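Undergrad: build me a model:
(one chain, ligands or ions: 2)
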Amino acid sequence: MNQAIVSLHNVVKSYQRGKQTVEVLHGLDLQIATGEFIALMGPSGSGKTTLLNLIGGLDRASSGEVTVAGVRIDQLSSGALAKWRARHIGFVFQFYNLMPMLSAERNVELPLLLTSLNSAQRKKNVAAALAVVGLADRARHKPSELSGGQAQRVAIARALVADPTLLVCDEPTGDLDRKTADEILSLLQTLNREHGKSIVMVTHDPKAADFASRQLHVDKGVLVQAEIA
Ligand SMILES: Nc1ncnc2c1ncn2[C@@H]1O[C@H](COP(=O)(O)OP(=O)(O)O)[C@@H](O)[C@H]1O
Ligand SMILES: [Mg+2]
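TA: Ligands and ions are numbered 1, 2, ... in the order given. Coordinates of the predicted model:
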């Protein structure tokens with residue numbers, strides 16, 4: 001049987017707004033198998049980003065169990081969680097979040113500066129990651145010298161460079177035109193099918209969700225049964 005890459009049990013997330021506590025996720029149970037490509041859908045404000053950030057260990061649940069890549073990450077100290085995240089998770093965001101002063105290859109190298117790899121090893125991994133996303137010939141370009149689609153490819157290379165188990169992507173095509181979006185989605189599909197990356201992708205776009213192997217729907221902080229299309 002396929003091992004779970006993500007397993008949530010009774011996960012609650014609340015935020016403090018002044019004196020008020022606002023519960024945003026209301027006791028979620030969720031299993032994602034290794035090798036899945038999940039499209040996480042739902043209305044704005046329904047809790048998609050919150051859920052993604054819990055899975056990626058960027059934020060912590062208020063209660064409940066969060067197991068990712070075999071580790072109970074809700075039980076890790078902050079330091080251990082940061083280390084775990086660097087080893088296991090690649091993040092891709094809507095607006096790329098590249099460092100504007102750094103070239104593509106320097107941006108991609110950033111996560112490796114936290115590892116014990118030496119400069120030559122880092123260079124090799126960076127070149128491999130840029131080749132996977134089809135941007136070997138743009139290594140020296142700054143983000144301002146790249147199109148939106150190319151910038152997102154650089155961001156995906158950065159997410160891949162440390163060879164993470166799981167990619168978490170928050171509206172990765174939200175700022176791209178249809179054709180460029182489809183190219184990025186095809187790339188994610190290739191990373192899933194041919195490179196064995198498990199993926200959880202938040203999207204508003206039903207066409208984007210079609211690239212995934214399964215859809216999950218969040219509404220008002222609960223997972224709802226997907227409608228049959
Ligand atoms: N840091 C925060 N502090 C307080 N409330 C937050 C915070 N982040 C998100 N929220 C609230 O949680 C709810 C879900 O937000 P979010 O997960 O970003 O939704 P989505 O990504 O589906 O649009 C919203 O009502 C939002 O206002
Ligand atoms: Mg969001």
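Undergrad: quickly find the element holding whatever residue of the chain ends up closest to ligand 2.
TA: Proximity of the chain to ligand 2 (CB to the ion) peaks at T49, 3.2 Å away. (Each C-beta comes from the backbone N, C-alpha and C, glycine too.) Using DSSP states H and E, T49 sits within helix 48-55.
Undergrad: the very next helix or strand once past that helix versus helix 48-55: what angle between them?
TA: Later in the chain than helix 48-55, the nearest helix or strand by DSSP H and E is strand 63-68. Angle, strand 63-68 to helix 48-55, by axes from the mean of the first three to the mean of the last three CA atoms, to 10 degrees: 70 degrees.
Undergrad: is it true that H26 lies in a helix?
TA: No - when DSSP: H, G, I helix; E, B strand; the rest coil is applied, H26 is found to be strand, with no helix at that position.
Undergrad: contacting residues around it?
TA: Residues near H26 by CB atoms under 8 Å, 6 or more residues apart in numbering: 12, 220-222.
Undergrad: identify the farthest-apart pair in those residues.
TA: V12 and K220 (13.7 Å; CB to CB).
Undergrad: what's the closest non-adjacent residue to the spatially most central residue of the chain?
TA: Residue closest to the mean C-alpha point of the chain, counted by CA atoms, centre = their mean, is V168 at 1.4 Å. Using CB to CB, 6 or more residues apart in numbering and skipping residues adjacent in sequence, the residue nearest V168 is G56, 4.3 Å away.
Undergrad: right, I'll call it a day here.
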